[in-house]
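Visitor: everything below, folded, please.
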Amino acid sequence: MAKVLVVEDEEQLRLNISEQLELDNHEVGSAMNGAEALALLSSFTPDLILCDIMMPEMDGIEFIRAIKRSVLYRSIPLIFLTAKVSQQDMLQGLEEGAIDYLQKPFLHKELLLKVNNIINQQKDLLIHQLQKTVASEEADFQFIRQFTEQLERNFANSSFTIDQMAEAMNMSLSTLQRNLKRYFQRGFGEIIREYRLLKAAEYLIQTDQSLQWIASRCGFSSLSYFSSSFKEANQISPLRFRQNNQSNGLPT
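Guide: Okay, here's the model as predicted:
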């Protein structure tokens, strides 16, 4: 079932179209001109609009121009209903954003086929978009998980390079660099340095190992480099960091 808005100034035709759509299990809203239809959109947002062209107050062309200016309604597909239409008028309607025409008089079967084809196409498109989103999110999760696993395995290796990371993840260097910028907004060197410093903070709090042992265990080539890097990142020396956390009663 879908929501269809019928905009038609001829009352009997409007009622007939609405009845046929309701018998086909669609929810129907109706208006007698474009101005009335615009006012209705805030309370009845349709999946499809069927709209006459020649109407009082606001005709179909004015109406479609109005909805195409709206962020909320511009994506709603619209089919024009018309008794007489020249090729020039038809092209104008298509240029304004209509997706099709139904020429009066039309068969009810033709109406229902066009309505249902468009609605089913919209549903298929939505499903396709959702599937792409899920697949993209799954790929995002897999990359981050795999990258984090490799960091955990290799952070202690002071000579571990981005080329080795790319090889471990079975991807090209350019692809890895592009993904790091996308997901972390930083380069490999900065990311692995931050990871090593986080691991060092854990060791400082949770163990009584020496600073030299922690520096080596976390992939820093020297104690002095570790100490300066830690202080730069945390505005406190590793020794003071340990003392402060011990004084706060955290495990050592």
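
Visitor: make it CA atoms for all contacts and neighbour counts henceforth
Guide: Will do.

Visitor: show me where the chain dips below the pLDDT cut-off.
Guide: Across the chain, the ranges flagged by pLDDT under 70 are 84-86, 89, 130, 133, 246-252.

Visitor: can you show me the helices along the protein?
Guide: In order along the chain, the chain carries the following helices (DSSP state H): 11-23, 34-41, 60-68, 87-96, 108-154, 162-168, 173-184, 188-206, 211-217, 223-234, 238-247.

Visitor: now render these as JSON lines, adding distance to Ala2 and mean neighbour count.
Guide: Formatted as JSON lines, the entries for those read as follows, by distance: least, C-alpha to C-alpha, whole Å; neighbours: other C-alpha atoms under 10 Å:
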{"stretch": "helix 11-23", "distance to Ala2": "9", "mean neighbour count": "15"}
{"stretch": "helix 34-41", "distance to Ala2": "15", "mean neighbour count": "18"}
{"stretch": "helix 60-68", "distance to Ala2": "19", "mean neighbour count": "19"}
{"stretch": "helix 87-96", "distance to Ala2": "23", "mean neighbour count": "14"}
{"stretch": "helix 108-154", "distance to Ala2": "7", "mean neighbour count": "14"}
{"stretch": "helix 162-168", "distance to Ala2": "49", "mean neighbour count": "15"}
{"stretch": "helix 173-184", "distance to Ala2": "38", "mean neighbour count": "14"}
{"stretch": "helix 188-206", "distance to Ala2": "49", "mean neighbour count": "18"}
{"stretch": "helix 211-217", "distance to Ala2": "62", "mean neighbour count": "19"}
{"stretch": "helix 223-234", "distance to Ala2": "57", "mean neighbour count": "16"}
{"stretch": "helix 238-247", "distance to Ala2": "61", "mean neighbour count": "15"}
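
Visitor: would TSV of those with distance to Met54 be doable?
Guide: Conversion of these to TSV gives the following (distance: least, C-alpha to C-alpha, whole Å):
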stretch	distance to Met54
helix 11-23	14
helix 34-41	10
helix 60-68	6
helix 87-96	12
helix 108-154	19
helix 162-168	64
helix 173-184	51
helix 188-206	63
helix 211-217	80
helix 223-234	70
helix 238-247	78
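
Visitor: out of those, which gets nearest to Asp47?
Guide: Between Asp47 and the helices of the chain, the tightest spacing by C-alpha to C-alpha is seen for helix 108-154, at 7.2 Å.

Visitor: and stretch 3-10, how far from the chain's centre?
Guide: Taking C-alpha atoms, centre = their mean, to the nearest Å, one finds stretch 3-10 lying 32 Å from the centre of the chain it belongs to.

Visitor: meant to ask about stretch 28-46, not that
Guide: Using C-alpha atoms, centre = their mean, the mean C-alpha position of stretch 28-46 is found 29 Å from that of the whole chain.

Visitor: what's it in contact with?
Guide: 2-11, 14, 18, 21-22, 55-60, 62-63, 67, 73, 76 (C-alpha atoms under 8 Å, 6 or more residues apart in numbering).

Visitor: CA atoms only for that stretch, dumped as PDB, please.
Guide: C-alpha atoms of stretch 28-46 as PDB (Å, rounded to 0.1, in the frame of the first residue of the first chain):
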ATOM      1  CA  VAL A  28      -5.600   8.400  -1.000                       C
ATOM      2  CA  GLY A  29      -5.600  12.200  -0.400                       C
ATOM      3  CA  SER A  30      -7.400  14.500  -2.700                       C
ATOM      4  CA  ALA A  31      -7.400  18.200  -3.600                       C
ATOM      5  CA  MET A  32      -9.200  20.200  -6.300                       C
ATOM      6  CA  ASN A  33      -6.300  22.500  -7.300                       C
ATOM      7  CA  GLY A  34      -2.600  23.000  -6.700                       C
ATOM      8  CA  ALA A  35      -3.100  25.500  -3.900                       C
ATOM      9  CA  GLU A  36      -5.300  23.100  -1.900                       C
ATOM     10  CA  ALA A  37      -2.800  20.300  -2.600                       C
ATOM     11  CA  LEU A  38       0.100  22.400  -1.200                       C
ATOM     12  CA  ALA A  39      -1.800  23.100   2.000                       C
ATOM     13  CA  LEU A  40      -2.500  19.300   2.300                       C
ATOM     14  CA  LEU A  41       1.100  18.200   2.000                       C
ATOM     15  CA  SER A  42       2.000  19.100   5.500                       C
ATOM     16  CA  SER A  43      -0.500  16.600   6.900                       C
ATOM     17  CA  PHE A  44      -0.500  14.100   4.000                       C
ATOM     18  CA  THR A  45       2.900  13.400   2.400                       C
ATOM     19  CA  PRO A  46       2.300  11.100  -0.500                       C
END
